[in-house]
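Student: requesting a structural model of the entry that follows:
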Amino acid sequence: MGTPDFAIPSLRALVQAGHNVVCVVTQPDRPKGRGREEIASPVKLCAQEYNLKILQPETITDVLAENIQALNPDLIVVIAYGKILPKQVLNIPRLGCINAHASLLPKYRGAAPMQGALLNGEKVTGVTIMFMNEKMDAGDILLQEKTIISSLDNMETLHDKLSQLSAKLLVEAIAQIDQGTCLVTPQNYAEATYTSMLKKSDGLIDWTKSAEEINNITRAMNPWPSTYTFLNISGKKKMLKILKTEIYDKSVYSKEKIGVLLDILKNKGGLIGTGKGQLLIREVQLEGSRKVSFEEFIRGHPINKGFEF
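Tutor: Residues are numbered from 1 along each chain as shown. Sure, this is the predicted structure:
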């Protein structure tokens with residue numbers, strides 16, 4: 001059971017490991033783009049490559065439970081499916097239901113664990129394989145593996161790193177379950193933290209935040225929903241996406257220079273004052289235009305030192 005790109009390496013790994021994937025459950029096709037054409041989920045497209053049976057329920061009902069029951073699965077594997085499974089589904093497979101979650105549980109339960117780790121400036125994260133219960137991301141842990149978050153990682157690179165790690169750990173966990181060698185560890189509820197889905201509005205930059213905070217927000221929201229600000233250019237208000245940033249100085253502070261372009265550093269970008277420290281803007285995308293370096297952007301627009309963002 002899965003839906004987005006994140007789940008594809010896991011589905012491929014299960015098939016390539018020789019497991020009999022009797023069915024793939026994924027979200028229904030959704031309208032996207034300007035033409036609102038119905039688009040299949042990435043997991044559905046992957047399942048079609050392997051000619052696997054596919055179910056796409058709008059909601060999890062008794063009918064879905066009956067369909068799954070009829071397949072008589074030994075195990076249900078869930079990764080980024082997007083819906084909470086009720087007890088009637090969790091109880092179907094004789095070996096239970098397992099889930100791959102992109103954090104070191106019990107930290108960062110919920111819908112946005114990778115973004116949560118980046119927003120908080122974590123240096124380490126990982127993947128947890130757990131047995132599922134009726135509570136969100138609260139089941140007993142089978143396996144965990146850590147990975148480093150580099151200063152250059154953003155949501156896109158961390159997503160790819162953890163999706164591959166999830167696939168590897170799922171195959172290992174299933175082998176342990178099959179051999180009866182798995183050891184489970186209950187989660188410490190007192191250490192649990194939670195995340196929620198990001199909204200487009202979360203990307204609006206507040207320049208009174210510190211350079212470190214804004215840099216973390218930019219990393220967490222690239223490629224979606226992106227951090228952004230609004231500029232008045234030639235009498236028009238336009239959105240400017242801030243795609244890549246770098247902390248230049250963590251401590252410098254001047255109330256009069258918050259959100260102000262302090263300097264343009266050759267081959268580096270634009271230096272902006274923040275609520276604490278200075279931030280380099282390296283890559284941007286003006287509404288209706290392509291991604292460019294900050295230096296290329298200002299060559300085509302009337303922006304100089306002292307400009308207020």
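
Student: now do the contacts for R30.
Tutor: Contacts for R30 (C-beta atoms under 8 Å, 6 or more residues apart in numbering) come out as E38, I39, S41. To be clear about C-beta, it is placed using only N, CA and C from the backbone, and glycine gets the same treatment.

Student: can you turn the buried part of those into a PyMOL selection?
Tutor: The PyMOL selection below is limited to those of the contacts of R30 classed as buried (16 or more other C-beta atoms under 10 Å):
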select buried, resi 41
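
Student: out of the contacts of R30, which one sits closest to A220?
Tutor: S41 (23.3 Å; C-beta to C-beta).

Student: next one: that closest one from L265, what distance?
Tutor: Going from S41 to L265 by C-beta to C-beta, to the nearest Å gives 43 Å.

Student: now F131
Tutor: For F131 relative to L265 (C-beta to C-beta), the value is 52 Å.

Student: tell me which of these two has more neighbours.
Tutor: A count of neighbours by other C-beta atoms under 10 Å puts F131 above the other of F131 and L265, at 18 against 14.

Student: give the contact list for the more buried one.
Tutor: Here F131 is in contact with G96, C97, I98, G139, D140, L142, V184 (criterion: C-beta under 8 Å, 6+ apart).

Student: N216: which of the residues you listed is nearest?
Tutor: Using C-beta to C-beta, the contacts of F131 come closest to N216 at G139, 29.1 Å.

Student: doesn't the closest one belong to a helix?
Tutor: No - counting by DSSP: H, G, I helix; E, B strand; the rest coil, G139 is not part of a helix but coil.

Student: contact partners for it?
Tutor: Taking C-beta under 8 Å, 6+ apart as the criterion, G139 is in contact with N99, M130, F131, M132, N133, Q187.

Student: what about the spatially closest residue to H301 that is not a sequence neighbour, how many neighbours?
Tutor: In this structure, H301 finds its nearest non-sequential neighbour in I233, 5.8 Å apart by C-beta to C-beta, 6 or more residues apart in numbering. Look at I233: counted by other C-beta under 10 Å, it has 14 neighbours.

Student: phi and psi next, for I233.
Tutor: Torsion angles at I233 (phi, psi; degrees, to the nearest 10) stand at phi -120, psi 120.

Student: now do I272
Tutor: Phi and psi for I272, reported as degrees, to the nearest 10, are phi -120, psi 140.

Student: that one against I281, yeah?
Tutor: Yes - using C-beta atoms under 8 Å, I272 is in contact with I281, at 6.0 Å.

Student: just say helix, strand or coil for V77.
Tutor: At V77, secondary structure determined by three-state DSSP is strand.

Student: who does it bridge with?
Tutor: Per DSSP bridges, the residues bridged to V77 are I98.

Student: would you check how far apart it and V21 are?
Tutor: Per C-beta to C-beta, V77 is found 9 Å from V21.

Student: out of the two, which sits in the more crowded spot?
Tutor: V77 (24 against 14).

Student: contacting residues around that one?
Tutor: With C-beta under 8 Å, 6+ apart, V77 has these contacts: M1, S10, L14, C97, I98, N99, A100, L170, I174.

Student: at 7 Å instead, please
Tutor: Contacts for V77 were tallied using C-beta atoms under 7 Å, 6 or more residues apart in numbering; they are L14, I98, L170.

Student: so the nearest residue to L104 once chain neighbours are set aside, which of the three states?
Tutor: Among residues not flanking L104 along the chain, G126 sits closest, at 4.6 Å (C-beta to C-beta, 6+ apart). Secondary structure, three-state DSSP: G126 is strand.

Student: could you report the pLDDT at the most centrally placed residue in the chain?
Tutor: Centrality entry for the chain: nearest residue to the mean C-alpha point is M114, 4.9 Å, by C-alpha atoms, centre = their mean. Per-residue confidence (pLDDT) for M114: 98.

Student: report all helices and strands that the strand or helix carrying it contacts.
Tutor: Using DSSP states H and E, M114 maps to helix 113-119. When contacts are defined as 3 or more C-beta pairs under 7 Å, 6 or more residues apart in numbering; DSSP states H and E, helix 113-119 packs onto helix 155-179, strand 194-195, helix 211-220.

Student: alpha carbons only: can I get stretch 186-197 in CSV?
Tutor: This file holds the C-alpha atoms of stretch 186-197, laid out as CSV (Å, rounded to 0.1, in the frame of the first residue of the first chain):
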residue,chain,number,x,y,z
PRO,A,186,8.2,-0.7,22.0
GLN,A,187,8.4,3.0,21.4
ASN,A,188,9.0,5.4,24.2
TYR,A,189,5.8,7.5,24.1
ALA,A,190,7.4,10.2,26.3
GLU,A,191,9.9,11.0,23.6
ALA,A,192,7.3,11.3,20.8
THR,A,193,7.2,14.4,18.6
TYR,A,194,4.8,15.1,15.8
THR,A,195,4.7,16.8,12.4
SER,A,196,1.9,18.0,10.2
MET,A,197,1.5,18.6,6.4
